[in-house]
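Colleague: Output the structure for:
(chains A and B)
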Amino acid sequence: MSKYIQLAYTKGELNTQLSELFASMLENKAVDAILAPMTQPKKGVMQTLVTSKDNVKEIDPFAPVMPVNSAKIASSLTTSPSGKKIAMVLRSCEVRALVELVKLKQADLDDVVLIGIDCLGRYENTDFLKFQAKEGTSESFLENAMAGKTEGDGFDVAGACKVCEYPVAPNVDINLCAIGSGSGSLFIEALTEKGEEVLSAAGAKFVNGPSGRQDAVGKIAKERSEARNALFESYRSETGSFDALDDKLAACINCYNCRVACPVCYCKECVFVTDTFRHKGEQFIGWADNKGSLRMPTDTSFYHLTRITHMAAFCVGCGQCTSACPNDIDVMPIFRTSAQKIQDRFEYLAGRSVDEPQPLSVFDSDELMEVTGQVK
Amino acid sequence: MAEKKPTGTVLVAGAGISGIKAAIELAETGYQVLLTDASTQVGGILAKLDYQFPSDHCGMCRMLPMVGREYSSEYCMRKSLYHENIEILPFTEIAGIEGDGGNYKVELKRRARYVNPVVCNELGKCIDACPVEVEDEFNHGLTMRKAIYKPIPHNVPQMLIIDKQACTECGECVNVCSTGAINLGAEDELETREVHSIILASGVKLYNTKEFEDAKSYAVSPDVVTSLAFERMLSGTGTYQHGVIKRPSDGKPAKKIAWIQCMGSRNRRQNRDYCSSVCCMFALKEAVLAKDKGGPDIETTIFYMDMRTFGKSFQQYKENAVEEHGVKLVRCRVQEIVRQPDGSLQIRYFDPLTNEFFFEYYDVVVLSTGQVPFEDHKKWAELTGTALSPQNLLATEPYSKVRLAGKQGMFMCGSLMGLTDISESMSSGIAAAGEATSFLSGLDVDKRIGYTTPEPKTSDRGKPKVAVLVCKCGELAGAEGLDTKLLESELNMLNGVGAVHIVESMCSDEGQEEALEVLKNSGCNRLLIGACQPYMYRSQLKDIARKAGFNSSLVQVFDFLGISRRGIHEDDKLSWTRRAIKEIKADIAMMKEKPALHVQSQPINDTALVVGGGISGMHSALSLANRGVPVHIVEKSSELGGFAGNNITATIDGLAPVEMAKDMKLKVFENKKITVHLNAEVEKTEGTLGAFDSKIVSSENGENTYLHHGAAIMATGGHEGATDEYGYGQADNIMTQFEFKKALEQGDVDLSEAEDVVMIQCVGSREKDKRQYCSRICCMWAMANALKIKEKNPDTRVFILYRDIMTYGFLEQYYTRARLAGVIFVSYELDSKPEVEIVDGKPVIKFTESVLNAPVELSPDYLLLSTGVDPEESNANLASTFKVELTKDGFFQEADSKWRPVEFNHIGTFLAGVAHSPMPLPDAIMQAEAAAQKTFTYLSGGEVQTARMTSSVKDALCVRCQRCIVVCPFEARSYNEMENIIEVDAAACQGCGMCAVACRNNAAEVSGWSDRQLMSVIDEKLSDDFELSTTK
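Modeller: Have a look, this model is predicted:
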């Protein structure tokens, strides 16, 4: 059973209240460090690792922007244990990606306190600057978003967010419950013993939880699911053939930004930059000979297809791939649509549980017999 | 100068699976083998079986050697077998054997095939031209063949043969043969060979409807078939087509199929008082496959007396067959089949579950025809001068199933032993080979393993250059369509090709010399040979390549004729050539980037560790020690001997385990090569084949011993199962069978006044949530105790309550004897188990007599419970530390239940005895011998050679996600925590490539199979620089 604390705040004071909580976490040594989104001196908001209570004032957990999927940061902080307890403020897709990385032995949650935030979407990085320029704040964003209004002047939240069915982060120790909290108050939920310990140590007093939260969350999730289904239908009809997919990827230049941005693409060195793809001159000429001409660079569609086979089973739909593409290719739907089918095939959901083994990592002699041809 | 010792040579008479296995074992150990078979080809009965349970696939290739793999063929065993040390002579009979131990002269009758296999290129025009059609015995008459024919459809190369009885000598075949391979006047040839030892593996005949009277009476229609014929109806090389199992009579789909068990067995009238042992299982398999292959609307029914699922995992297979595949089992012996006017087959049966008679009509009825065990024994006894046992089988030494009595160096294995199944045939083949190697090690003979031409010591640093050598097949029909000029010019233009040469005929001596010259001067380091019979000549061609200085891994031989011809019309010369060029280019692409692969040798410590000092463990230890291998036995109790050796004074067969164990213990303690650790257990082990480090902990004094050894044998045995059912423990006269036997022997049981003794079989066994398996020996024990009781007091009533009586094989005779002695057998089902109440401290048992369909209540003087055999709990720790697996039941999980019964997937550890599964003593000893032999093959080599193609790790790319470790089936990869790297055990690695699949960026890759190579092959195949005309 979850326990709750309630943070009441006057307008404009949400982050101040939260930073007091963070400060007491550090002061009372409930944790040794906090990783949280923080307003930067030179505009924008970036994940920052804070160890001193004096530096918590600029923390802005609900800032509607995600410059990188923090699962990667969490991974670099925990691949080899530091022995220090770190609290990490992450949104749903970041937590889910982190769960997958843990299973790939690229992160460890033993000394981590996960603080999830309810997420109603994020703006692209440049759009967020516009949002800030127009006096937008996290509070104003939350208020508008709860009423279904996320659009700004010529920009809106990322496409991935519109179809994300997980506004609440799963598998966390503590959750900052924006949805259903009502205006002027924020409920903070402790879901695990770990989370309870941290909040108690920070001097929190527990109360009853907000009513109506489940319904509110359910409503949002339903809307998003419907939008997602609509996306699947339309995207699949637009990419029914290889040529159609090729068209979508026509502008791809193999910069590999999408790969770098993807939190679950975990290889140290992607196969596409190894010798395997250092083709020889005579090979290029041979390929050009086949059809009379050869568009360069080669292996662009091949790269995306490979990424599908390699990591679509772990895709959490964070949309960083689309955010990162310099040529405005909407990469996210490629992966969400194929991920849905792949994950369904294995009755798997990326990010659902640390204990759920990933597809292809366990062998069951009775599975996929229609493929292997084995008699049952 | 010292005379060179002859290489030890063994004759293996019979090339069925056990003969092949024995031959491979001997070849791996370094001895020469002469493998003969009286039939036209090798493979025996298994050549006709496409599927074996429990995998319902074929697994024959798992017989292939693990030691010195490259000296053997490494492809599908159903195609053919090749090994440097094995000479295979099909269609050869043993006409005479003279001599004794170590010095045998064997007279071989090489029967005429009339087709020279060396010259024949299988084009098959002769078959088309032959005017004679007869029944094809491979398909049991379901299909027809010509007088000149291919004996086994899936063999490669084919060794055509002429059935002289059917042949009309019209000579049409000779006219169309372009290689002159046919000689109608060929004659049988006699040849004498000297061998040092002989293994008889001539297999078994199966009961059939042609020769045996009572089977004939069932054969009222062509739709009544034998089980082997049904296997052909399930096979693509038989009559199975497009998802249809065809009725022999009219080819229509068979939808209702029945099996009648015990055809030719368990029949005292016909003097066949034995059980064929395998028919229940293969009937279940056939029924499961029938549904899978013929469609879910197929109905399958098996009419049986006892469902003998006594082997490891057999019970689970049966439950799966019934629950998942809807196989219907009816306990009723069918007396006759009546053919109906519409062709359907009527069976009238009584269903004991419902107590009603039924008439049912079937499309096909399969007679589960059993093994006929005595056929060849008289002949072999005469040929070898050995005696026959009272059972009319070749007499063997006591406790041994493979060692022939009275003859030095002569052994037998396989189904010839009588009523065995596949896994026993495998164990016996290995055991016989083991006995033979033990015998040979006492003679003055040598071992030899390796190529006749040694591997060249090249340091291949030059740029990859491929030489292409193409055989024209001497202007023969096959190569008529080849435009050699075009071929040469196209290939010479390729980047990376250093030489192209067309040879007239590679099978001739001149052709081979020419090839050798050309290759020596080619300046190339990779070689591609296009020949017509690659499987047949692969070794010779690779020999030439080695002589010319090429590394074996850089030589590729491909089937020039076969691949090029598929789908292209004979007259389309240009397409034929272009197709050939495309294939060659793809092979060249593969080879250009292939590195030279070398076999790595790792030293192997020659000490063996045997875990478990029971009879199996001691037998393995003695077998190894007698061949010079130092052995350490680790036994957790304070005594050697195990369960049987310390407790069982006599078995039903008249064996005396306690006495035998006493004898073995003496030998073990006397043997200087054996060290015994009593009161000790292996706590932990690290390392791999050839280099294990095990920590042995003594429970007596807590001392640790560290042992460095090369291999280990798990012989941890088992013990009698416990129970709390049926009031056990609540009354003095409720005992287990074993407790009763002991009490009887010690004189603690007085039967003079005993009125009733009731025995309950399958207590806590063959039941979900309990022991799910059959313990195999309990029915045998029950019979022994029952007969003993009747002997002591013939007036005592003995009741045996059973679910299935598992007296398989020759044990059936004890069941017969028990019935003749008046023992009353009452069957019960799981849902109506007997009930026991304790009244005044004594058991009162209630059960339903199934024939009378009436309840019976008894207060027996003794209530005996057959509780089965449990595995040792200590197996779990051993499995975990030796990196092997346990079955769900807690016994060790072998690498393959049929084909590799005494090995594990992770090499270096072996398995013997009850640690594998419950079994009678002679079988345990046979397995112990087999485990010792397998161990010996590795340890005696002094070094372990890895395969050429193994996996590796590119550290710089590796992100240590460890997926490669998770997916490796052979436990060949591990994470080294100290150095933070993934390591590969090259000896354990089988080059299967699972790690390469799991690893996303090729940090794990199998040498010689890089993505780059494969992508370049795909490129070649997809390139359309030529148009191919595919009109027929």
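Colleague: What is the burial count for whichever residue of the stretch 51-200 of chain A sits closest to chain B?
Modeller: Using CB to the nearest CB, the closest approach of the stretch 51-200 of chain A to chain B is made by residue A:104 at 4.5 Å. In short, each C-beta sits where N, CA and C put it, glycine included. Neighbourhood size, residue A:104 [other CB atoms under 10 Å in any protein chain shown]: 20.
Colleague: How about residue A:165?
Modeller: Neighbours of residue A:165 (other CB under 10 Å): 16.
Colleague: residues in contact with it?
Modeller: A:221, A:224-225, A:228 (CB atoms under 8 Å, 6 or more residues apart in numbering or on different chains).
Colleague: Who's the closest spatial neighbour of the residue of the stretch 51-200 of chain A closest to chain B, skipping the chain neighbours?
Modeller: residue B:961 (4.5 Å; CB to CB, 6 or more residues apart in numbering or on different chains).
Colleague: In three-state terms, label that neighbour for me.
Modeller: Following DSSP: H, G, I helix; E, B strand; the rest coil, the label given to residue B:961 is coil.
Colleague: Quick check: it touching residue A:102?
Modeller: No - Residue B:961 lies out of contact with residue A:102 (CB atoms under 8 Å); the separation is 11.0 Å.
Colleague: In this structure residue B:338 contacts residue B:344, no?
Modeller: No - here residue B:338 lies out of contact with residue B:344, judged by CB under 8 Å, at a distance of 9.7 Å.
Colleague: who has more neighbours, the two?
Modeller: Set residue B:338 next to residue B:344 and count neighbours by other CB under 10 Å: residue B:344 wins out with 17 against 13.
Colleague: That one contacts residue B:362, correct?
Modeller: Yes - with contacts counted by CB under 8 Å, residue B:344 reaches residue B:362, the gap being 6.6 Å.
Colleague: The spatially most central residue of chain B: what's it in contact with?
Modeller: Centroid-nearest residue in chain B: residue B:899, 3.3 Å away (criterion: CA atoms, centre = their mean). For residue B:899, the contacting residues are B:59-60, B:62-63, B:422-423, B:426, by CB under 8 Å, 6+ apart.
Colleague: what about the nearest residue to it once chain neighbours are set aside, which SS state?
Modeller: Once flanking residues are discounted, residue B:899 sits nearest to residue B:62: 3.8 Å by CB to CB, 6+ apart. Recorded secondary structure, residue B:62: helix (three-state DSSP).
Colleague: got the contact list for residue B:62?
Modeller: B:895-896, B:899-900.
Colleague: Determine which two of those are furthest apart.
Modeller: B:895 and B:899 (8.1 Å; CB to CB).
Colleague: Residue of the stretch 651-800 of chain B nearest chain A, please.
Modeller: Of all residues in the stretch 651-800 of chain B, residue B:772 sits closest to chain A, at 16.7 Å by CB to the nearest CB.
Colleague: Return the backbone torsion pair for the residue of the stretch 151-300 of chain A found nearest chain B.
Modeller: The minimum distance from the stretch 151-300 of chain A to chain B, using CB to the nearest CB, falls at residue A:271 (4.0 Å). Backbone torsions for residue A:271, taken as degrees, to the nearest 10, come to phi -60, psi -30.
Colleague: Tell me the predicted confidence for the residue lying closest to it once chain neighbours are set aside.
Modeller: Spatial nearest neighbour of residue A:271, chain neighbours left out: residue B:1001 (4.0 Å); criterion: CB to CB, 6+ apart. For residue B:1001, the pLDDT comes out at 93.
Colleague: And for residue A:166?
Modeller: Looking at residue A:166, its pLDDT reads 96.
Colleague: show me what contacts it?
Modeller: A:92-93, A:96, A:221, A:351.
Colleague: most surrounded residue in the contacts of residue B:899?
Modeller: residue B:426 (28 neighbours).
Colleague: For my notes, confirm it occurs in a helix.
Modeller: Yes - according to three-state DSSP, residue B:426 belongs to a helix.
Colleague: thought it was touching residue B:903?
Modeller: No - look at residue B:426 against residue B:903 with CB under 8 Å: they stay out of range, at 10.1 Å.
Colleague: low pLDDT regions in chain B?
Modeller: The model of chain B has pLDDT under 70 over residues B:1-3, B:458-460, B:474-481, B:536, B:561, B:563-571, B:573, B:1024-1032.
Colleague: Tell me the residues on it that lie near chain A, please.
Modeller: B:51, B:55-57, B:288-289, B:292, B:320, B:324-325, B:495, B:956-963, B:966-967, B:969, B:998, B:1000-1002, B:1010-1012, B:1015-1016, B:1019, B:1023-1025 (CB under 8 Å from any CB of the partner chain).
Colleague: sorry, back to before: could you tell me how many residues sit around the residue of the stretch 651-800 of chain B closest to chain A?
Modeller: Residue B:772: 16 neighbours (other CB under 10 Å).
Colleague: check contacts around it.
Modeller: Counting by CB under 8 Å, 6+ apart, residue B:772 touches B:315-316, B:766, B:888-889.
Colleague: Specify the beta-bridge partners of residue B:346.
Modeller: Assessed by DSSP bridges, residue B:346 has beta-bridge partners residue B:338, residue B:361.
Colleague: so residue B:819 makes contact with residue B:812?
Modeller: No - contact criterion CB under 8 Å: residue B:819 and residue B:812 do not qualify, at 10.7 Å.
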